[in-house]
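*Asks:* With the sequence up front, the predicted model follows.
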Amino acid sequence: MRTFISDSYEKMSREAANAVVQIMGSRQQPLICPASGDSPAGLYRDLVAKVRGKELDASSWFVVGLDEWAGMNGGDEGSCRYHLNHQFLGPAHIATEKICFFDGRVADLNAECELTERFIRERGGIDVAILGLGMNGHIGMNEPGTPAHTRSHIAQLDPMTQQVGQKYFKTERKLSGGITLGLDTLMESRNLILLISGKHKADIAHRVIEGIISEQVPGTLLRSHPQLSIYLDKDAASKLSA
C-alpha cells in the first residue's frame with residue numbers, strides 16, 4: 001500500500017490522473033474501471049484536459065462500470081452511468097462499443113452480473129480500478145458486512161448510502177438497491193487507485209488506512225492488494241497518525 005497526501009484536491013487529482021495515464025499506457029488495449037462520485041471527479045477532469053490538449057489518446061481504452069443504482073441506467077439523470085458519461089466517457093471520446101456498464105433497469109440483474117464478469121475475463125482483467133470511499137467505508141456498492149470473496153452481485157444498500165446518495169439527484173429518489181462489481185472481482189485488478197477527499201471523510205479515511213481490517217469496513221480489505229495506491233487531500237488525511 002502506498003499513500004500520497006496532497007496539499008489540495010486539485011493536486012491530488014492531478015497526481016492520480018498521471019498515475020492512471022502511466023498504467024493505461026503500458027498496455028495496448030487496457031481496461032479501466034471508473035467509479036462515479038465526488039472524489040474521482042477531478043481526476044476525470046484532468047484526463048479529459050489531456051485528451052483535449054492532445055497529450056492523451058484514450059480511444060483504445062476499454063471501460064467496465066463499477067456500479068449502478070437498481071432501476072436506473074445512463075438515461076436517468078443522477079445515475080452512475082449518467083455522471084460518468086458527462087464527466088469522462090463522452091469528453092474522452094471512448095466509443096460506446098468499448099464500454100460495459102451495468103443496466104439497472106433490466107429484468108434480470110443476475111444476467112448483468114454474468115455479462116460484466118465475462119467482459120472483464122475476455123479482456124484479460126482490469127488494469128486499473130479507480131475507487132472512491134463511502135462514508136461507511138463501502139467500495140462501489142459493497143456495503144458493510146459484504147463478504148470479501150464476492151463477485152459482481154445485487155446489493156442491498158446501507159441506510160447511510162441511501163441517505164448520502166440523494167445528493168446526486170435533483171429530487172428525492174428511493175435508493176434501496178444496486179448492482180456492483182464484487183470485492184473479489186476488484187482485488188483481481190492489476191492496480192487499485194483509491195481517492196479520498198474532504199474533511200467529512202477524515203474519520204473513515206483513518207479507519208480504512210490505520211484501523212482493523214474487517215468486512216464491516218470494506219475499504220480496509222483493499223490493504224492486502226499489492227498495487228494499492230491511496231490518494232488523499234490534506235483534509236481527508238487530517239486524522240492519520242503519520
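*Replies:* That came through, no problem.
*Asks:* can we go C-alpha only for contacts and neighbour counts from here?
*Replies:* Will do.
*Asks:* residues touching the residue positioned nearest the centre of the chain, list them.
*Replies:* Nearest to the geometric centre of the chain sits residue 35, at 2.5 Å (CA atoms, centre = their mean). Applying CA atoms under 8 Å, 6 or more residues apart in numbering, we find residue 35 in contact with 65, 66, 67, 80, 129, 130, 131, 132, 140.
*Asks:* Apply 6 Å and report the result again.
*Replies:* Counting by CA atoms under 6 Å, 6 or more residues apart in numbering, residue 35 touches 66, 130, 131.
*Asks:* measure the first one to residue 238 for me?
*Replies:* The reference is to residue 66. Remark: distance between residue 66 and residue 238 (CA to CA, to the nearest Å) = 28 Å.
*Asks:* again, but for residue 229
*Replies:* Here residue 229 is placed at a distance of 18 Å from residue 238 (CA to CA).
*Asks:* Settle it for me: which of those two has more neighbours?
*Replies:* residue 229 (21 against 18; other CA atoms under 10 Å).
*Asks:* Can you say which helix or strand has that one in it?
*Replies:* strand 228-233 (DSSP states H and E).
*Asks:* Alpha carbons of that strand, in CSV - could you do that?
*Replies:* Only the C-alpha atoms of strand 228-233 are listed here, as CSV (Å, rounded to 0.1, in the frame of the first residue of the first chain):
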residue,chain,number,x,y,z
LEU,A,228,-3.0,-0.3,-3.9
SER,A,229,-2.3,3.5,-4.1
ILE,A,230,-4.3,5.8,-1.9
TYR,A,231,-4.5,9.5,-2.8
LEU,A,232,-5.8,11.9,-0.2
ASP,A,233,-6.0,15.7,0.1
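*Asks:* Contacts for that strand next, please.
*Replies:* By CA under 6 Å, 6+ apart, strand 228-233 touches 1-9, 12, 192-197.
*Asks:* Mind doing that once more with 8 Å?
*Replies:* Against strand 228-233 from outside (CA under 8 Å, 6+ apart): 1-9, 12, 16, 191-198, 222.
*Asks:* Take the residues you listed and keep only those in strands.
*Replies:* Of the positions in those, 2, 3, 4, 5, 6, 191, 192, 193, 194, 195, 196 sit in strands, assigned by DSSP state E.
*Asks:* Between which two of the residues you listed is the distance greatest?
*Replies:* Spatial extent of the ones in strands among the contacts of strand 228-233 (CA to CA) is set by the pair 6 and 191 at 20.2 Å.
*Asks:* Give the buried residues for the worst-scoring helix or strand of the chain on mean pLDDT.
*Replies:* Least confident helix or strand of the chain, by mean pLDDT, DSSP states H and E, is helix 159-164 with a mean of 91. Within helix 159-164, the residues that qualify as buried are 161, 162, counting by 16 or more other CA atoms under 10 Å.
*Asks:* same thing with stretch 11-31?
*Replies:* For stretch 11-31, by 16+ other CA under 10 Å, it's 11-14, 16-17, 20, 23-25, 29-31.
*Asks:* could those be laid out in JSON lines, adding distance to residue 93 and pLDDT?
*Replies:* What follows is the buried residues of stretch 11-31, written out as JSON lines (distance: CA to CA, whole Å; pLDDT from 0 to 100):
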{"residue": "11", "distance to residue 93": "24", "pLDDT": "98"}
{"residue": "12", "distance to residue 93": "24", "pLDDT": "98"}
{"residue": "13", "distance to residue 93": "20", "pLDDT": "98"}
{"residue": "14", "distance to residue 93": "20", "pLDDT": "98"}
{"residue": "16", "distance to residue 93": "20", "pLDDT": "98"}
{"residue": "17", "distance to residue 93": "17", "pLDDT": "98"}
{"residue": "20", "distance to residue 93": "17", "pLDDT": "98"}
{"residue": "23", "distance to residue 93": "19", "pLDDT": "97"}
{"residue": "24", "distance to residue 93": "16", "pLDDT": "96"}
{"residue": "25", "distance to residue 93": "16", "pLDDT": "91"}
{"residue": "29", "distance to residue 93": "15", "pLDDT": "92"}
{"residue": "30", "distance to residue 93": "15", "pLDDT": "97"}
{"residue": "31", "distance to residue 93": "15", "pLDDT": "98"}
